[in-house]
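1. how would this look folded up:
(one chain, ligands or ions: 1)
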Amino acid sequence: MSSHQVGSYQVKVLPSGLTFEVASGQTILDAALEQGIDFPNRCRQGVCTSCVCKLRSGTVVYLPPEPLSDIDKAQNFTYCCLAYPDSDLVLHHPFIRG
Ligand code: FES
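-> Model (predicted):
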């Protein structure tokens, strides 16, 4: 990935190192699925937690109501089915392979 597309952010998932772009207005999950990435998900509504990653760096935003509990915030959990990147991100999810 040589240059940074305007209006999109780069998301990297550790430990695999898988990297993909998320266009503005797209959730992390939608962008991953659109690019053929096998990203865990079930409910796509912030309930099942299968898409939840740990945020290692960067910022995400949610449409209200924000799905995060205090514990989620303390643990840096990110609901990828609902989260919109607000910067380049580094996430951690043990089951996502590159
Ligand atoms: S897909 Fe269920 S919480 Fe995101």
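2. from now on I want contacts and neighbour counts done on CA atoms only, so please keep to that.
-> Noted.
3. chain center to stretch 15-27, what's the gap?
-> 7 Å (C-alpha atoms, centre = their mean, to the nearest Å).
4. ok, now stretch 25-43?
-> Offset of stretch 25-43 from its chain centre (C-alpha atoms, centre = their mean): 8 Å.
5. residues contacting that stretch, please?
-> With C-alpha atoms under 8 Å, 6 or more residues apart in numbering as the test, stretch 25-43 has contacts from 20-23, 48-51, 80-85, 95-97.
6. now with 10 Å?
-> Under the contact criterion C-alpha atoms under 10 Å, 6 or more residues apart in numbering, stretch 25-43 has outside partners 7-11, 18-24, 44, 48-52, 60-62, 78-85, 89, 93, 95-98.
7. can you narrow those residues to ones near the ligand?
-> Subset of the contacts of stretch 25-43 in contact with the ligand: 44, 48-51, 79-81, counting by C-alpha under 6 Å from any ligand atom.
8. farthest pair in these?
-> Greatest spacing in these, by C-alpha to C-alpha: 48 and 80 (11.4 Å).
9. tell me which of these two has more neighbours.
-> Neighbour totals were compared for residue 48 and residue 80, and residue 80 leads with 29 against 12 (other C-alpha atoms under 10 Å).
10. among the contacts of stretch 25-43, name the buried ones.
-> Buried by 16 or more other C-alpha atoms under 10 Å: 8-11, 19-23, 44, 49-52, 60, 62, 78-85, 89, 93, 95-96, out of the contacts of stretch 25-43.
11. in strands, which of the residues you listed appear?
-> Residues of the buried ones among the contacts of stretch 25-43 located in strands (DSSP state E): 8-11, 19-23, 52, 60, 78-79, 84-85, 89.
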